[in-house]
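Visitor: generate coordinates for the sequence data below:
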Amino acid sequence: MTATASTTAPIADSRALGLAHYAARGVLEHVLARHGATFQQHVALRAAITTDAPRTPDDLIAQVQGSLKADPADIRATLDELLAKQLLITDGTHLRPTDAGRELLAAAGAEIAPVTARIWGGIPAEDLAAAGRVLALVTERADTELAALTDDLKR
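Guide: From the prediction side, this is the model:
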């Protein structure tokens with residue numbers, strides 16, 4: 001009894017997750033490039049816009065690092081880029097998004113929305129729910145492993 005690739009559902013693993021991530025990210029980066037923005041700028045700007053209260057640079061760096069696992073120095077450079085482009089402004093000890101920053105995020109969002117709908121459309125709700133549960137668990141476990149590795153480096 002031999003199963004063929006055409007009758008066997010693919011198994012979710014790190015490679016499949018990575019391929020899906022980079023495929024979707026590639027689409028988003030293509031759209032962002034037309035707006036003169038990078039992926040990391042998009043994530044940082046979104047973090048500044050969607051927060052309930054103004055954030056300090058260190059708060060934004062921590063939030064973006066939690067999402068992207070990027071180097072804090074690189075994230076600080078990204079915030080500097082957003083300030084130079086006047087997409088963020090300094091307000092005392094906080095960073096606030098400008099109208100231009102909000103407009104960029106809205107324009108990129110409007111452009112990517114129909115593409116996202118085509119990518120995700122037609123996937124059964126129960127499949128999305130199962131995938132969501134698995135991805136949340138993988139994220140939690142990977143964050144735990146990364147924290148342990150980081151702690152080991154500090155010792």
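
Visitor: grab the most central residue of the protein for me.
Guide: Against the mean C-alpha coordinate of the chain, by C-alpha atoms, centre = their mean, the closest residue is Val43 at 5.6 Å.

Visitor: low-confidence ranges, this protein, go.
Guide: The chain contains residues with pLDDT under 70 at 1-7, 155.

Visitor: for the longest helix along it, buried residues please.
Guide: Among the elements of the chain assigned as helix by DSSP state H, the one spanning the most residues is helix 125-154. For helix 125-154, burial by neighbour count (16 or more other C-beta atoms under 10 Å) applies to no residue. For every residue, glycine as well, the C-beta is placed using N, CA and C.

Visitor: and if you look at stretch 63-77?
Guide: In stretch 63-77, counting by 16+ other C-beta under 10 Å, buried: 63-64, 70, 75-76.

Visitor: TSV for those, including distance to Asp52?
Guide: Shown next, in TSV, are the buried residues of stretch 63-77 (distance: C-beta to C-beta, whole Å):
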residue	distance to Asp52
Gln63	12
Val64	17
Ala70	23
Ile75	20
Arg76	23
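
Visitor: farthest pair within these?
Guide: Across those, no pair lies farther apart than Gln63 and Arg76, at 12.9 Å, counting by C-beta to C-beta.

Visitor: could I get the full set of strands for this structure?
Guide: 88-91, 94-97 (DSSP state E).

Visitor: partner strands of the first one, parallel or antiparallel?
Guide: Read that as strand 88-91. strand 94-97 (antiparallel) (DSSP bridges).
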